[in-house]
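Q: With the sequence up front, the predicted model follows.
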Amino acid sequence: MYNKNNTLFIYCIFYFAFLYIPVLLLPIFSFNDSFHMVFPLKGFTFDWYIQMWNKSRLHQALFNSIKVGIIASVVSTFIALFAAKAFTRYKVKFHGLSYGAILLPFIIPEIIIAVALIVIWTSMGLKLGLIPVTISHILFCTPFCMLILISRMEGFDKSLEEASMDLGENSFWTFWRVTFPLLLPGIIASLLLAFVISFDEFILAFFLSSSDQTLPIYMWSQLRFPKKFPHILALGAIIIIVTSLIVMTAYWLRNLGQGKKKDFSIGI
Amino acid sequence: MSTKNYIKIKNLSKSFGDVEVLKNINLEVEEGEFFSLLGPSGCGKTTLLRILAGFEYPSEGEVFFDDANVTSLPPNLRPSNMVFQNYAIFPHINVQRNIEFGLRKENLSKAEMGERVENALKMVQLEGYENRYSNQLSGGQRQRIALARALVKQPKVLLLDEPLGALDKKLREEMQIELRNLQKSLGITFIFVTHDQEEAMTMSDRIAVMDEGNILQVSPPREIYHNPKNKFVSQFIGNINILDADLKNVSSESISISVDGFGLMTLKNHQKIIEGDRFNIAIRPEEINISKVSDPNHDCNFNGKVKNISFYGESTYFYIQLDNSEKILMVSTNESKETFSESDNCFVNFNSQNLKIIKD
Amino acid sequence: MSSTIQNIYFRSDQAKAYTLLSPALILVIFAMAAPMIVMIFTSFNTQISMIEIDRTFTTGRYEDFFSKPIFSMLLFRSVKISFFVTLLTLLTTYPLAYYIAFYVKKNKMLWIVLMTLPFWTSYLLRVFSWRVILGNKGVINSALMGTGMIDEPLGFLLYNQAAVIITLSHAWAAFAILPLYVSLDKIDKSLLEASYDLGNTKFETFWRVTFPLSLPGVIGAILIIFIPTVGDYVTPQLVGGTDGRMLSNMIQSLFGRANNFPLGAASAVLMLTTVCLIAALVTYITKKVSMRMS
């Protein structure tokens, strides 16, 4: 009955093009020997990549982003791991309320969280910088990690943990011998995706980073100058390729050992 | 074999929120006994088993293993092991490491460990499966590995949560005999949860029939079959004809009753019926005979008409409409000396001593 | 005594569950709830100099907000743009999700990965890329002029609300594809066969069975796209021009050059209130509709 539908298939191809052309334009122009992003392409060059290599502010921004990304992904994965265990293994009272509260930072407009944090931070007389950025990224990544880990935990039966207890292991060893190895692909996926989110995050960093630029803020500061943005294109091309690889690894890990049950409900 | 009561359950109740799933359970299980908890789904049998394992804690009451109070002991410290309904074979480690899982603390040498695993696999007839993973095993094989993994711990009590439920009929029957033999040779107490009455009957030393959080009867299989204590037990175990009866006259020796379809009868008062008791009369289908003519060997003979015939191979069931009642009687026979067709007239005959009095 | 307490703790699932939840709840309370409360307080204050805020209570910022038409206009425009973004995204991604759910037999996973992969690549660069595509010297104009179809670049492509809507719809596509796909894929195929069997055409089956059953996904997509896009900053800033400016751009300037934290806070509070009201309305209508359907 649902064998073929050519009209829909052609539509899908067009939509694919719509999705990918804006993403792929940047890598293409990153090799173009011109300051302007116009067709036809002028000539092939590696100049922008070399230029990028020599920007010390870019190095600092990259380092900041990696630092914030690692801390945010590790901390939010840890917090999310506990929360996911609570929601999947216990009948939590006020389940809806606590679940909603933890997911909220992921839904409400980031600019509101940014405003709230900048207001409280400055009213406490603290200096803006990477610390509030990291805190805001942990807040923003935790719901995401929690959804990934919940779906991973739902993928294996509670009785596996019970079997371990029954065979003489206490909660601690049950976690290390059963729960953790079974969750590991999910945990790594959560770390990778949280890192990508934090690495790419703009608005919270824009409000809270002050002079400690992260990579998106650095790019933003360069976009206004036409002479400068070819090297941003080179940087963008690298970011696109690296994040795609990370994300594909994370996708693959998420479904590892899940058997036939593939769950995309939060597979973003 | 000693007849010491190894497990004692005293005044145990369990509620989940407002729902009381176990109501004041008292139970004693002997050492080395094959004991079944039998009942329909939702009767509380699995909860009771999980309380014995330590996965749930009773709301009230106490559990003793060998006279030691284990009520709040976590599962890892109990001398019992469990075979899970879905077997719970760890998918991330192979069969060998699954079986070794519970032996970590015993500080065995590699050779001893290997020997224990080998013996366990031999016991469940799966030698050579050490390196397989859960997804490379069939349902029956998983079930055996789960059994081996629990038994290698040499538990005092083995708890089995419907372990045969997922297997097909043929395999299930084989496993029933195997489990029973294993239990006899090891002498371990088995607590076996099932909703399958045949399974419970063929394997158990004693059966506890449960319904709605209560234990209705604890008896050996024959006793349960022939002397069910109440209507639920009689209907849950095997087939039975239940008939309404009005009490006409009662003494300590006998009762006179008017039975729907059979008329006035006098029976021995084994159940100590007194005036005002609610009860039914029941008879198993195989205790009734069907014949073309009235049979003087039985003291009760009634006319009827064959409505339906179900042929099961080893037995045939006749559904017979009694002439002077709405009641349809179930009659089973394994002989086919006389052939009947549907809507034939017939006689049903039985001995009144086989009629059971069953309280509500 | 302590062993009884330990026992009670050991037996109490609630205690264990909330111990596990506490880091997440503490995070939400201290990094979101508390700052929001301070934000609400600040919205009733007055900025008196570059760094000084007068903490006496006043509703003055809200009066400012409503007395200057630009603010309400920007709030209204933000909601309007989000509405069209949500609508456009749903309309364009539904057929896609439908195709993957019902027609793709092998490698569904691959399709989903491909459809969501662009979402992960730098948001900033994707939005920027649209400026390059739509700009005067951009891809479309240079291509059209190169082929001689036009002599002057088409100015209406960039710096307007339509550009913002298209760009946002591209950026948020993954958030519609996934919930739609999940709800469509869950539909038992035998229900559709039953519908044909009972005499419905393909089209009728879609409206009477498939679409109603995919509503949870539609609602999910609406909420998850509409709410965050109301507060989007990057897209209007890069491709919106004056015509596409949204409330977020105003809020940002109040925390930047304009340096009026209390008014910025008041604007954020009003944005949040609006979003909450609309989300509540959507949920309420959904409940009503699903109650009537069952």
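A: Sure thing, it's come through.

Q: Within range of chain B, give me the residues from the stretch 151-294 of chain C.
A: Among all residues of the stretch 151-294 of chain C, none is adjacent to chain B (criterion: CB under 8 Å from any CB of the partner chain). Backbone N, C-alpha and C define where each C-beta goes, glycine included.

Q: Packing partners of the least confident helix or strand in chain A by mean pLDDT?
A: Lowest by mean pLDDT, DSSP states H and E among the helices and strands of chain A is helix A:47-53, with a mean of 81. Where contact means 3 or more CB pairs under 8 Å, 6 or more residues apart in numbering or on different chains; DSSP states H and E, helix A:47-53 is packed against helix A:229-254.

Q: how about the helix it packs on, does it get close to chain C?
A: Yes - Helix A:229-254 lies within reach of chain C by CB under 8 Å from any CB, at A:236, A:239-240, A:243-244, A:247-248, A:251.

Q: Can you dump the C-alpha atoms of the least confident helix or strand of chain A in PDB for me?
A: Output in PDB follows, covering the C-alpha atoms of helix A:47-53 (Å, rounded to 0.1, in the frame of the first residue of the first chain):
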ATOM      1  CA  ASP A  47      44.700  31.500   2.200                       C
ATOM      2  CA  TRP A  48      41.700  31.800   4.500                       C
ATOM      3  CA  TYR A  49      42.700  28.700   6.400                       C
ATOM      4  CA  ILE A  50      46.200  30.000   6.800                       C
ATOM      5  CA  GLN A  51      45.000  33.400   7.800                       C
ATOM      6  CA  MET A  52      42.800  31.700  10.400                       C
ATOM      7  CA  TRP A  53      45.700  29.800  11.800                       C
END
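
Q: Show the subsequent helix or strand relative to that helix.
A: helix A:56-89 (DSSP states H and E).

Q: before we move on, which element is the residue of the stretch 251-360 of chain B found nearest chain C in?
A: Nearest residue of the stretch 251-360 of chain B to chain C: B:Ser310, at 31.4 Å (CB to the nearest CB). In the assignment (DSSP H and E), B:Ser310 maps to strand B:300-311.

Q: by contact count, what packs against that strand?
A: strand B:316-322, strand B:345-350.

Q: The first one to strand B:300-311, inter-axis angle?
A: Spelled out, it's strand B:316-322. 130 degrees (axes from the mean of the first three to the mean of the last three CA atoms, to 10 degrees).

Q: Show me what strand B:316-322 packs onto, helices and strands only.
A: strand B:300-311, strand B:328-333, strand B:345-350.

Q: Going along the chain, name the helices of chain B.
A: Using DSSP state H, the helices of chain B run over B:45-53, B:95-100, B:110-123, B:139-151, B:169-186, B:197-203, B:221-226, B:231-236.

Q: Just give the closest residue to residue 130, not the sequence neighbours.
A: Unless you meant another one, I'm taking chain A. A:Asp212 (4.8 Å; CB to CB, 6 or more residues apart in numbering or on different chains).

Q: I was after chain B.
A: B:Gln96 (4.0 Å).

Q: which stretches of the stretch 1-150 of chain A aren't confidently modelled?
A: A:1-3, A:37-40 (pLDDT under 70).

Q: Residue of it nearest chain C, please.
A: Closest point on the stretch 1-150 of chain A to chain C, by CB to the nearest CB, is A:Pro109, at 2.4 Å.

Q: Tell me how many other residues crowd that residue.
A: 25 (other CB atoms under 10 Å in any protein chain shown).

Q: hang on, isn't it packed against C:Met271?
A: Yes - the pair A:Pro109 / C:Met271 is scored as a contact, 6.8 Å apart, by CB atoms under 8 Å.

Q: Give me the common contacts of the two.
A: C:230-231, C:248 (CB atoms under 8 Å, 6 or more residues apart in numbering or on different chains).

Q: Intersect those residues with the contacts of chain A.
A: C:230-231, C:248.

Q: Just give the number of residues close to B:Ser291.
A: B:Ser291 has 16 nearby residues by other CB under 10 Å.

Q: Do I have it right that it meets B:Phe347?
A: Yes - counting by CB under 8 Å, B:Phe347 is a contact partner of B:Ser291 at 5.0 Å.

Q: which secondary structure element contains C:Leu263?
A: Once you assign secondary structure using DSSP H and E, C:Leu263 falls within helix C:261-293.

Q: in that helix, what counts as buried?
A: Within helix C:261-293, the residues scored as buried using 16 or more other CB atoms under 10 Å in any protein chain shown are C:261-272, C:274-275, C:278-279, C:286.

Q: so does that helix get close to chain A?
A: Yes - Helix C:261-293 lies within reach of chain A by CB under 8 Å from any CB, at C:261, C:264-265, C:268, C:271-272, C:275.

Q: hey, where'd the helices end up in the stretch 51-200 of chain C?
A: Along the stretch 51-200 of chain C, the stretches classed as helices by DSSP state H, counting those that start in this stretch are C:60-67, C:69-102, C:108-120, C:123-134, C:139-146, C:161-171, C:173-186, C:189-197.

Q: Export the last one to CSV, keeping only CA atoms.
A: Think helix C:189-197. Once non-C-alpha atoms are left out, helix C:189-197 reads as follows in CSV (Å, rounded to 0.1, in the frame of the first residue of the first chain):
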residue,chain,number,x,y,z
LYS,C,189,-0.5,0.6,10.0
SER,C,190,-3.5,-1.7,10.5
LEU,C,191,-5.6,1.3,11.5
LEU,C,192,-5.1,2.8,8.1
GLU,C,193,-5.8,-0.5,6.4
ALA,C,194,-9.0,-0.7,8.5
SER,C,195,-9.9,2.8,7.2
TYR,C,196,-9.5,1.7,3.6
ASP,C,197,-11.3,-1.5,4.3
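
Q: just checking, next helix/strand downstream of that helix?
A: helix C:202-205.

Q: May I see the buried residues of that following helix?
A: For helix C:202-205, by 16+ other CB under 10 Å, it's C:Thr205.

Q: returning to what we had before: among the ones next to chain A among the shared contacts of A:Pro109 and C:Met271, which are in helices?
A: In helices, judged by DSSP H, the following of these are found: C:230, C:248.

Q: what pairs with B:Leu243 across the strands?
A: As for beta bridges, B:Leu243 partners with B:Ile281 under DSSP bridges.

Q: Does it touch B:Val259 like I think?
A: Yes - under the criterion of CB under 8 Å, B:Leu243 is in contact with B:Val259, at a separation of 5.3 Å.
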